[in-house]
Structure formats: C-alpha cells, structure tokens
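Colleague: here is my input; please provide its structure:
(one chain, ligands or ions: 2)
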Amino acid sequence: MGGVTGDPDFEKGNLRGKIKEGEQSEMAPISRSSSRPQLDLSGAAIQGNFEERNPTIILPNQSDDISHLALDIGGSLIKLVYFSRHEDRPVDDKRKRSLKQRLGFPNVNRRSYPILGGRLHFVKFETAEINECLDFINSKQLHRGGINPRGWHVNSSVNDDAIIKATGGGAYKFADLFKERLGVGIEKEDEMDCLVAGANFLLKAIRHEAFTHMEGQKEFVQIDQNDLFPYLLVNIGSGVSMIKVDGEGKFQRVSGTNVGGGTYWGLGKLLTKCKSFDELLELSQRGDNRVIDMLVGDIYGGMDYSKIGLSASTIASSFGKAIFGNKELEDYSPEDISLSLLRMISYNIGQIAYLNALRFGLKRIFFGGFFIRGHAYTMDTISFAVQFWSKGEAQAMFLRHEGFLGALGAFMSYEKHGLDDLMAHQLVERFPMGAPYVGGKIHGPPLGDLSEKISWMEKFLQKGTEILAPVPLAPLRTTGLGGFDSPSSKGGSLRSDDATLNVGVLHLVPTLEVFPLLADSKTYEPNTIDLSDHNEREYWLTVLSEHLPDLVDKAVASEGGTEDAKRRGDAFAHAFSAHMSRLMKEPSAYGKLGLANLFELREECLREFQFVDAYRTIKQRENEASLAVLTDLLMELDSMDEESRLLTLIEGVLAANIFDWGSRACVDLYHKGTIIEIYRMSRNKMQRPWRVDDFDTFKERMLGSAEKKPPPHRRALLFVDNSGADVILGMLPLARELLRRGTEVVLVANSLPALNDVTAMELPEIVAEAAKHCDIIRKAAEAGGLLMDAIVNIQDAPKEDSSLAPLMVVENGCGGPCIDFRQVSSELADAAKGADLIILEGMGRALHTNFNARFKCDTLKLAMVKNQRLAEKLVNGNIYDSVCRYEPGP
Ligand SMILES: CC(C)(COP(=O)(O)O)[C@@H](O)C(=O)NCCC(=O)O
Ligand SMILES: [Mn+2]
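Modeller: Ligands and ions are numbered 1, 2, ... in the order given. You can find the predicted model right below:
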C-alpha cells in the first residue's frame, strides 16, 4: 500500500511497519504442542517487492492447506466435513506488541495463533457417485493432510498407516475402495456416538444453529451453552432413534419407532409409484390429505369435538376415509396419498418424541436425520404435533447442519487435532462462494483456488438452467450487471436435501470475542432493520443490486483493469447476484440475516475473487486532499473557546461523514464538486437542532458547568468510519480534543477493507502524516507507539511525561461497513477494558447496526443519514439529516 502523500521522506518513515528479512521469527505463533500442525519457517522468503509495507511471506516448506477430513457414508448420501486453515494474514506484530504493553497486557502473544484460524467445509455427494467423492478428495489432497495414529502428518506422501475417520454403513462397505484409490485406511466410528458428538458441537459452537419452524416461519433460537443438557435428540432416518443427551459422550437411546423415513419412502413408493424420496416429498406439496384422512369433522358432521379440544379439521384416523365407498388405489391422487402419509408419520414421530421428553423431564427436543432434509412442511408438521400434544409447553427445534451431524461427529473423534481449542472459540458462519450453486446435479463446491472459482462461475453461465438452486433471472452477460430476481426454482416451499445440506462454511476466527462493554450480550442484536420483513429485504437487496455495476468497475480498475481483473469482476458479480437471489427467497439460508451480513457478504465475495481493496485509489486521493487542509482546520478550531470548539468538532464529524462511497445519493453528489467543496457545503448546512440532538447532554458531561468541572474520560474508543475527510477532518480533530483533555484515545478501525472505510493498517500512516502538522497528535501518537521511533525500543525508552495521554490504533476484527459487537478482535476487547467512552461513527456502525445497542459506559453515536428511506423509518426525517445520540453509562 502506498503512502498518502507520495513524499519520499514520509514513505521512508513507514518502512518501519514492514516485515523485514531476518524478522521471520516474529511471524512464528506461540509454541504449540506437537499434536498440532507445526508452522515450518525454514526457507521462508518474502515475495515480491521489499518496499511494500506488508509483503507476503512464503513458507515453502509449510503445507499450504493443512486440512483433515471425516465422512459419513450413508445409503444415499456421503457427507464430508473437512478443515482448512486460513492463509495467514501478515501481522504488524511490533505495533501490536507495543500496543499491548501500553494497554497493560504484558502477555503479548496471548490468543495470537493465526495458524489455528481456518474453515470447516461441508460437502455432500451421492453415494451412487462415490467415485466423484474420491476424485474430490484426491484433487484437494484432503487425505494427505490427515493424521495417523501418532499425530499430524502434513507430508505430500501418504503414510501406510494413514487413516481417515468415517461413520455410516458405507464406512464398512467402501473401506477397500478408499485404500485402493487413495491409499488410506478408514477408521470406523460408531454412528450414534458421532450423531451426538456432532449435535453437541453444533449447539455449542455455532450461534444460529437451532431454529423452530411453525407455519412456514423459521426462527432462530439462542441456546445457552451452559444450559444445553439434557436434551432429546430425535434422529429420523429410515427408523427413528430418540436419544437422551446428558453431556459430552453421555447419552442413552431411550426410545425409538420403526415408523420412520423408510416407512414413508417404502409405503409411498408402493402407493404412488414414485421413483425417489424427493419426488415423493415434492408430490406432498400439492396434496390434500382430507381426501383420504378421516377428520374429526367427518365423524361429527362437520362440527368440532370441543369437549375434548379437537377441531373439525383434526385427523381422527390417517387413511381412515379409504374405508368408505369403493374407491381403488388408482382413484386417489399420488399427491394426496403422499401428504396423508407424510402427516401420519410426522405426527406420530412428534407425538412419541414429546411423550419421551415428558417422561424424562426434558425441556428441549431437537429433530434431525435424512427424513427432514429442511423440508418446510415436514418441520411444520412435526412442530404442530409437538405443540399439540404438549399443549404449547414444548417446541420442536431443528438444526441447520443436521445433515452433517454424523460427519461432524466423526471429525470430532480425531484425538490429536487441537479441536478442543477449536471448540473453545467462536465459529463464524460465512457465505461459501459455491453456496448458491451447490445442489441439484452439481455436487459439492469443488472450489479451491481462484481459477477453479472463476471457471465454476463460467461453467454456471453455460449450464445455468441445469442448476437447480435459485439463480439470477437473466444470465449476466456483461461486467457488473445486477439483478437478483429468482426464476422458478424447485417449487414452492419445498427445500429438499439439496438446499438444506448446502450450508455455509464455518470460519474459525480464534481471535474474535464478545465486546466486554456491551450492556447485555445475551439480548444484544446488532441489526436495526429486520430483513425477515419481505419489503425491507427487497428494498435493500435492490439497493445493493443497483450498486453492483459501479462497484465492479471500481474493483476491476483497482486491479489495473486487466483482462484477468475483468474476468474476476464478472465472476464476482455473478456470485454476489446469486447469493442475493438465494437470500431473497430464503433469507435464513446462511443463518440469521441482517443488513450487516449483506454488506459483509459483498466484501467477502470481492475477497473471494481476490479484489483486495476496490476503493484504494479513491481513499488515497481523499486522504491527500484532506491532509492538505488539516492545518487550516486545526488553526480555526484553536481560535475558538471550549464550547464552540466542541460544537464545531461534532458538526465536523457529522459533516464529513458525507464521504461515503456506499451510498448511491452521495456518489451522485461527488460528481458535482471537489472533496473540499462538498465538505464545506456539508458543514455549512449543519444547523441545529439535528434530527437526533443530544449535544447539550454530551457537552455537559464534557465541559460541565461554571460551578462543576467534570473529570475527563479515562479512555475513549473512537470507532472511525470512512477514509479522507471523514477520519482526517472529522474524527482526528475530535480525538485531538480528547487527548488534549487528558483522555487516552484508541482509534478503532476495520481489520479488512470495506467500501471506502479506513483500515487499522492504514491509520498509522495517516496519523503520522497528521502528526507533522500538529504537536498534540505527534506527542500522543509517540506515546501510543504509533510513530515508529517510539516503537523501536519501547522497553528501554525513558518514561515519558505520564500525564500525556496516548493515541493508539486497534483493529476491530471486521471486514464490512457495520459492526457486530459479539465478534470483535481480542485487541479491541483488551482496549475496551479500560474505556469509559465509546464514540460510534457512521451509518453502518451507528445506525444500521447498534442504533439500539446499549453499552456499559458513556456512548456517543454520530452519523449522517445518507439514505432517504432509512431517514424516514429510523428518525422520521430526511436524507442528509444528522444523528447525535448520547447515552450516558449507567
Ligand atoms: C454502506 C453504508 C452503510 C456505509 O455508510 P457509512 O457507515 O460509511 O456511513 C451506507 O452507505 C449504506 O447504507 N448504503 C446503501 C444505501 C444507499 O445507497 O442509499
Ligand atoms: Mn463507511
């Protein structure tokens, strides 16, 4: 990343942030037990230009994709779970270490083990096509990153005694085939053990895993990890097992029934001549069970039997109507038969499950197994039965990854893979690149490197209609065409196995934590707008869709506009459109959906196609223009009295928040003037009262009254937003004011680029440049270890004037324009511990998310509303209105 000025001295000054030759050891993570994969630093070299700020380090002897694999080989499907580690992001270790010392956390390497970061992938194949599965494993060399009984091996050759864990009948049936084709043995794991281990893992490690399903509505349930056991796990396969789970590895099969999925499929096949389970399920979509089932109303002349609480529409006897008249099988439609059968079996299972929960006093019942397959109607029927028999006391719950319980359990059964660590951390579900296209006739996302991904998108374009998952209406032919409308997919509310098993990739982000200053992390909901509302979802997806052409242009230009970049740009546009298309129809396809997730998805998709920073040039240009006028602004501020200065500073933040390349209206505005002209215009329009205006209360806390001067805040966390004027002319002068009053300031910025947001990596350069124009900033930045001279010998450095409040920078752990305070970087969590003031800036962080969030300390939310609809809905106002919301801590 280049400097902001082009000034050679300045550029030189920043060489200190680099990872230099001979410093490789700094990249080494904490020492790990030998049971974990080791980072092999031998032969490490820097790739490319030594002048780059954070060049990539190549570790030639390090297996690039340490992964391992477990399988559940069932009668119809093979489910495969594998783990791949993240590519390590270069870490500015020196700055981080100095920061931690300043924040008072001497154990500098705590939680910084990048190698443990990785992803859990979920893939399925049809058992009949087992060769495809073997090819997939082979192409990804998944069997080579496995372990042998003595621990990890990451060699390129396969050991004789290498094994992979598998469960399900096929683990026995296909063991020889695996040995023959891949040279690995299969270690069989008990199916029931795996099922329970898989369910426990999911319920503990993933936030939006369990959900209820009533009358077509899916609602996620927050499970308290400490209050999970005991529960009833009902696995509906061919037969049904009911398992009372009391803890890790502690369970008992308490009941079951021989009337299960096999019964539905077997009887259904005989009665309807259907060829497949999915076909049978699909038939039920269009059926009417009243034709065959005997209802209470049939017996009571159309009346309810209210005395015992039965409505006329209750099924009195499944298939009971067939007794009457002289209809033959052919006289009934396969659709009606299928539905009657489905209801008969689902009700029966729901009832037995509830009775068993009652018998053992279990509060929670989770249903899983191949019978359910995310089929909305099946889930509704089971839920209805549980609700009916429990008189509303109990609720049926389902698991998003239920198709992978066994495979996950087998995966968990590896002893020496450090999964205990994995469990201790958060798994964050992300949107897998292949997600919208996986399913139907194309199996699994065989997507590894970039070219694979691109050709997958291109293949999709050619074969578009053969893919059964929802896809954009019009095939996108040119770069950046938007659109997310869905064509007819596989019919109504039916979501078969194909869709359900098509779940997200779970990203393990070991450094993410709950923000300690959240008033109540259990009830915290980051998103302000509810995207489960159809209209809201349609509106925001349309907005994002309309942004797409412009974004693709920027992204392609940021990569030099090459042919390769254009190809990647096209692939990005298709992938993102397809995700939007799927989410329009199925909002909870990847877990609970909020606006923050949509914006983040867009950034994730860009990164998938290796667009590192689409707004790089724009950011640099705006930084330069803003730095050029910073001195004037600071002089103007310094000529004011305290009170007008504070007001001008807050006005300045609100006015400069107009520089937002994510807002359609603002981008249109930028064609009408220069950065400085727009900034001036925006500042001149800042008349109070603002739409939300708590300035007076904030001022009182800051300045007090003539009689009483309040103490300054100890430490302020300033969540900065956009590059250029926003951070340089808005937030930095506000930070300076706090510093000058003796408050420590931590600038909190994104870990990864998102739109034109400034990142934590870019901030030290900006601060260094600002420090040239301002002594307060310079001294504070030195004290905070932001200027390199101050970092070099931090331990030996003479103690500086202790009254001088430091200015620091931390990354927030995010790669989108919003912030979810349940997942922040450990650095930020550490910094938060001493903070008593939070300033959230910008629409993404203060309005779309966290507008209603409450914190344990004083909080100031500052943003300009740059969207008319949001302004109307949220603050009953208009576009370009300002929000200054101050909430004193308890
Ligand atoms: C992406 C954003 C949240 C960024 O806003 P910021 O946080 O920079 O103030 C915002 O630009 C936005 O909501 N844009 C979409 C709406 C629109 O184009 O009007
Ligand atoms: Mn922004």
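
Colleague: taking the stretch 451-600 of the chain, what residue is nearest to ligand 2?
Modeller: Minimum separation of the stretch 451-600 of the chain from ligand 2 (Cβ to the ion) falls at residue 599, amounting to 9.5 Å. In short, each C-beta sits where N, CA and C put it, glycine included.

Colleague: contacting residues for that residue?
Modeller: Contacts for residue 599 (Cβ atoms under 8 Å, 6 or more residues apart in numbering) come out as 544, 662, 754, 816-818, 844, 848.

Colleague: possible to save these as JSON lines with distance to ligand 1, pLDDT and secondary structure?
Modeller: Supplementary listing: the contacts of residue 599 in JSON lines, determined by distance: Cβ to the nearest ligand atom, whole Å; pLDDT from 0 to 100; DSSP: H, G, I helix; E, B strand; the rest coil:
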{"residue": "544", "distance to ligand 1": "7", "pLDDT": "96", "secondary structure": "helix"}
{"residue": "662", "distance to ligand 1": "3", "pLDDT": "94", "secondary structure": "coil"}
{"residue": "754", "distance to ligand 1": "8", "pLDDT": "97", "secondary structure": "coil"}
{"residue": "816", "distance to ligand 1": "9", "pLDDT": "94", "secondary structure": "coil"}
{"residue": "817", "distance to ligand 1": "4", "pLDDT": "98", "secondary structure": "coil"}
{"residue": "818", "distance to ligand 1": "7", "pLDDT": "98", "secondary structure": "coil"}
{"residue": "844", "distance to ligand 1": "3", "pLDDT": "98", "secondary structure": "helix"}
{"residue": "848", "distance to ligand 1": "5", "pLDDT": "98", "secondary structure": "helix"}
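
Colleague: picking up where we left off before, would you say the residue of the stretch 451-600 of the chain closest to ligand 2 is within a helix?
Modeller: Yes: secondary structure assignment (DSSP: H, G, I helix; E, B strand; the rest coil) places residue 599 inside a helix.

Colleague: give me the pLDDT value at it.
Modeller: At residue 599 the predicted local confidence, pLDDT, stands at 95.

Colleague: again, but for residue 463
Modeller: pLDDT, the model's per-residue confidence, is 44 for residue 463.

Colleague: quick revisit: okay, the residue of the stretch 451-600 of the chain closest to ligand 2 and residue 662: tell me how far apart.
Modeller: Residue 599 sits 8 Å away from residue 662, taking Cβ to Cβ, to the nearest Å as the criterion.

Colleague: ok, residue 381 next?
Modeller: 43 Å.

Colleague: same question, residue 779
Modeller: 35 Å.

Colleague: could you check which of the two is surrounded by more residues?
Modeller: Neighbours of residue 779 and residue 662, each counted by other Cβ atoms under 10 Å, are more numerous for residue 662; the result is 24 against 20.

Colleague: show me what contacts the nearest residue to the more buried one once chain neighbours are set aside?
Modeller: In space, residue 662 comes closest to residue 755 once its chain neighbours are excluded; the distance is 4.4 Å by Cβ to Cβ, 6 or more residues apart in numbering. By Cβ under 8 Å, 6+ apart, the contact list for residue 755 reads 603, 614-615, 660-662, 722, 817.

Colleague: can these go into TSV with extra columns for distance to residue 398 and secondary structure?
Modeller: Below are these laid out as TSV (distance: Cβ to Cβ, whole Å; DSSP: H, G, I helix; E, B strand; the rest coil):
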residue	distance to residue 398	secondary structure
603	30	helix
614	38	coil
615	41	coil
660	40	coil
661	40	coil
662	35	coil
722	41	strand
817	32	coil
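
Colleague: top of those residues by neighbour count?
Modeller: Neighbour counts for the contacts of residue 755, by other Cβ under 10 Å, peak at residue 722, which reaches 30 neighbours.

Colleague: related to what we said a few turns ago, who wins on neighbours among the contacts of residue 599?
Modeller: residue 844 leads the contacts of residue 599 on contacts (other Cβ under 10 Å) with 29 neighbours.

Colleague: I figured that one hits residue 820, correct?
Modeller: No: with contacts defined as Cβ atoms under 8 Å, residue 844 does not count as touching residue 820, sitting 11.0 Å away.

Colleague: give me the common contacts of these two.
Modeller: The contact lists of residue 844 and residue 820 share residue 596, where a contact means Cβ under 8 Å, 6+ apart.

Colleague: show me which residues of the stretch 751-890 of the chain are close to ligand 2?
Modeller: Where the stretch 751-890 of the chain comes near ligand 2, counting by Cβ under 5 Å from the ion, the residues are 757, 817, 842.

Colleague: looking at those, which one is closest to residue 805?
Modeller: Closest to residue 805 out of these is residue 842 (24.1 Å), distances taken as Cβ to Cβ.

Colleague: find the nearest non-adjacent residue to the closest one, please.
Modeller: Take residue 842 and drop its neighbours on the chain: the residue closest to it by Cβ to Cβ, 6+ apart is residue 721, 3.1 Å away.

Colleague: I'd say that neighbour and residue 848 touch.
Modeller: No: under the criterion of Cβ under 8 Å, residue 721 makes no contact with residue 848, lying 11.7 Å away.

Colleague: could you tell me which residues touch both of the two?
Modeller: In the contact map built from Cβ under 8 Å, 6+ apart, the residues linked to both residue 721 and residue 848 are residue 817.

Colleague: just to revisit the earlier point, residues in contact with the residue nearest to residue 842?
Modeller: Residues near residue 721 by Cβ under 8 Å, 6+ apart: 657, 660, 727, 731, 757-758, 817, 841-842, 844-845.
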